[in-house]
Structure formats: structure tokens, C-alpha cells
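Chemist: what shape does this take:
(2 chains)
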There are 2 protein chains.
Amino acid sequence: MANLVLASGSRHRAMVLENAGLTFAQIPSELDERAVEAPLAQANVLPEDRAEILAEAKAIDVAERHSGHLVIGCDQILSLDEKVLHKVNTMEQAQARLLDLQGRTHMLHSGIVLVRDGETLWRHVAPCAMTMRVMDPGFIGRHLADVGEAAFSSVGAYQIEGRGAQLFEKIEGDLFSIIGMPLLPLLDELRRLEVIDG
Amino acid sequence: MANLVLASGSRHRAMVLENAGLTFAQIPSELDERAVEAPLAQANVLPEDRAEILAEAKAIDVAERHSGHLVIGCDQILSLDEKVLHKVNTMEQAQARLLDLQGRTHMLHSGIVLVRDGETLWRHVAPCAMTMRVMDPGFIGRHLADVGEAAFSSVGAYQIEGRGAQLFEKIEGDLFSIIGMPLLPLLDELRRLEVIDG
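Modeler: Residues are numbered from 1 along each chain as shown, chains lettered A, B, ... in the order given. Next up is the predicted model:
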């Protein structure tokens, strides 16, 4: 597995792979994601397709600088009624985001690809349906005060592995995909490619 | 939340509650689980009902020694074709267990209850369907050699948060329930009881 590379800086994603027993290097892509996404947004590309395209763009970016390596690219897109939402940067935006999401179901689309030397060997997108409970602005304000700037690290202004669980009524989807790393299909493909023991 | 008690010694369960922001004491039950379960097994009580009854017995055991405390009891039962399986204690048994589970779907039933002063305030059981991929004895042997005695800590001889993920093809169920702590229904009930802010 010496040549496996994770093209993401996410600690959570790396932990999922590590826990599963994979050996890999973590080399985040230096891609300007917004520049890649702008034309996709303009062309109204579906959220699930955007997750796949962005995952691929990041993997290709890293693979170009590491020839012969098998590069895992990942991306997670949040959509609400087919509208794609992006990360928030301020407490005011986080409050507005949670007010927007509360009482409704949004989707998390987790894209994952495997790229080697400019060739995309495999693509996969996993959907998760996330239903927030009805919450009033007072609770949301107290919650964000507790969570602090960690709210900015995720597109939904929540971390489901942490206090963000308090916001949810129902979660439907694979446990690994929810945190942005569709592990089971990835392992399946790595076995098929004989990168790991089967 | 000062009076909340988790009647389980499980590090994973405690971590789920801690991450969600709950404050609680962890006081494992001293119940002889097998003694409670023996008559249930003889009477062919359904796996999901056993999970609930055992969770309740553990909570009552701890609540008796801590009056006025709100006690969370948990239990997880694994069933294969309605047959209940128990923890393994040796590598040979772990190998036999994985050979039995491979290529099939087993169920994890996670029971959770809230008890205070001898009164059961709430009960819940969450089912998860776990499908292992087809594996040969050679792979299972190498896998168990890597995992070591950690295999004995779970009734399925696997830890899904660790290398156990390599054994699975498909996992269907709530991400928290799979690790034995149905967090979202618990939080819902704790809000209803006004133990936590809603």
C-alpha cells in the first residue's frame, strides 16, 4: 500500500482509512475548488455530479505531482432542494445556515474517485439524507456559542460526530459516507485492484 | 445533567455521549447478564426484545444503588437467522464466528432504556442489518492475526470502527446505533424530559 495517497487534508477522512488498517500518505490537493466549481454551478450540474467532478479534480491535481501513485480524491456536497450550499465563515452565517436547515431534510453527496497517472480508475457517489429537527433561534444561538468556530469547518455548520448530533432527528445513509469517506465501496475497489488483501 | 448515569462500561458508548456534549457518570452494571438471559433464551424471546430486557435489567441494577439518578441502560444483541450469538473467547471461536457470518446478513439490535428509582421511563430498540462479504478461511486467519484479542471485545468478533470494516459489503442502520448507542432517539427523550436544552 506504499503508493496510496489521500488527496484531502481532512483529519476525519484520514482517521477512517487509518482505523480500517490502510497505509497511505496524506497530500492535500492545492486546487482552487471554487474556480473548478464556478462553471459547474453556472451550468446547473447536479449536486451528486459536482461531488464526483470535484473529487476527481483534486485527485488529478495530486496525481500529476506524484506519478505512479494511486490517489484517492474525495468531496462532499450539501444540497437543500437541489440547491448547493457552501461553507459558512462567520457566526451570523452559521446561524442563518442552521435556521435554513432546521425542520428540513438536506442531502450530503460524498464523491470518491481513484486516479493514477492521469487515468481515473474508479468513481463513486454515496448519498445521505440528513433531517434536522425543528429548532428555535434561541437554541441555535446557544448551540453555536458552545460549538464555536468548529461550526465553520463543515458546509452544514455542524459536525455530526460531535455536538451537531443534537440538531438531528433522523440520519439515513452509510455511517462512513456521512463523514465524507465512503469506505466500504473504496475497500471493495482496492481489493479488486489488488492493492489490499482480499 | 449532573444526575445522568451511563450503566455501561463501554468506552465507545461513553465517547458517543461525550462527543454529543452530555455530562454523565459512567457506572457499569454488576449484573450477571448470562443469568438474566438464560430464561429468555429458554423461552425463545425475540432478539430485539432481549436487547431491551437486558438494557433495562442493567439500568435497574445501577438505579437501585443511585436513587434519584436518571440511568441509561444499553445492550446490543447479534442475531443470525433469529438465532442469538454470544461473545467469543478464543481465536478458534473468533475464526469460526467469522466463517459463520461471512457472505450473510446478521442483525445488531441495540436496546436502550431510561430508568429512575425503579421506574422505566423510556425504551427503544434500533435494528441494524450488517452484510459481510464472502471471505475465505485464509483471509479470515490473517485478519484475526492482525486484529488480535480486540476481536473478543465484540459479539461479532469485529469492530466496525476499526479493521472490521474490511469484512463488510453493506451496512444498513443508524450510524450511532451500529456502535450500540442509539443517540438520536435518546437525545429526543432527554429533551422531552427536559434533562437537556431543546
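
Chemist: would you mind listing what in chain A touches chain B?
Modeler: Residues of chain A lying close to chain B (Cβ under 8 Å from any Cβ of the partner chain) are A:19-21, A:133, A:135, A:139, A:142, A:146, A:160-163, A:165-166, A:168-171, A:174-176, A:178, A:183-184, A:187-188, A:196-198. In short, each C-beta sits where N, CA and C put it, glycine included.

Chemist: now do 7 Å
Modeler: Neighbours of chain B within chain A, by Cβ under 7 Å from any Cβ of the partner chain: A:19-21, A:139, A:142, A:146, A:161-163, A:165-166, A:168-171, A:174-175, A:178, A:183-184, A:187, A:197-198.

Chemist: okay, and which of those residues map to helices?
Modeler: A:N19, A:F139, A:R142, A:D146, A:L175, A:I178, A:L183, A:L184, A:L187 (DSSP state H).

Chemist: tell me the contacts of the residue of chain A found nearest chain B?
Modeler: Closest residue of chain A to chain B, Cβ to the nearest Cβ: A:L175 (3.6 Å). For A:L175, the contacting residues are B:I171, B:L175, B:I178, by Cβ atoms under 7 Å, 6 or more residues apart in numbering or on different chains.

Chemist: over to A:L99?
Modeler: A:P137, A:I140 are the contacts of A:L99 under Cβ under 7 Å, 6+ apart.

Chemist: a helix runs through it, doesn't it?
Modeler: Yes. The assignment for A:L99 is a helix, going by DSSP: H, G, I helix; E, B strand; the rest coil.

Chemist: any idea how far it lies from A:A150?
Modeler: 18 Å (Cβ to Cβ, to the nearest Å).

Chemist: name the nearest residue to the residue nearest the centre of chain A, ignoring sequence neighbours.
Modeler: Chain A has A:Q76 as the residue nearest its centroid, 2.8 Å off, counting by Cα atoms, centre = their mean. Setting aside the residues directly before and after it, A:Q76 is nearest to A:G180 in space (Cβ to Cβ, 6 or more residues apart in numbering or on different chains), at 4.4 Å.

Chemist: packing partners for the lengthiest helix in chain A?
Modeler: Identified as the longest helix of chain A according to DSSP H is helix A:47-65. On a contact count with 3 or more Cβ pairs under 7 Å, 6 or more residues apart in numbering or on different chains; DSSP states H and E, helix A:47-65 meets helix A:33-42, strand A:70-80, strand A:105-116, strand A:119-132.

Chemist: buried residues in that helix, which are they?
Modeler: A:47-48, A:50-63 (16 or more other Cβ atoms under 10 Å in any protein chain shown).

Chemist: ok, back up a step: least confident of the ones in helices among the residues of chain A next to chain B?
Modeler: Among these, A:L175 carries the weakest pLDDT, at 88.

Chemist: leaving out sequence neighbours, find the closest residue to A:E30.
Modeler: Nearest non-adjacent residue to A:E30 (Cβ to Cβ, 6+ apart): A:D61, at 6.5 Å.

Chemist: residue contacts, the one you found?
Modeler: Counted by Cβ under 7 Å, 6+ apart, A:D61 has contacts A:S29, A:E30, A:L31.

Chemist: quick revisit: nearest to B:R192 among the ones in helices among the residues of chain A next to chain B?
Modeler: A:F139 (14.5 Å; Cβ to Cβ).

Chemist: below-threshold pLDDT in chain A: ranges please.
Modeler: Applying pLDDT under 70 to chain A flags the ranges A:1-2.

Chemist: partners of A:A129 in the sheet?
Modeler: Beta-bridge pairing for A:A129 (DSSP bridges): A:M107, A:E172.
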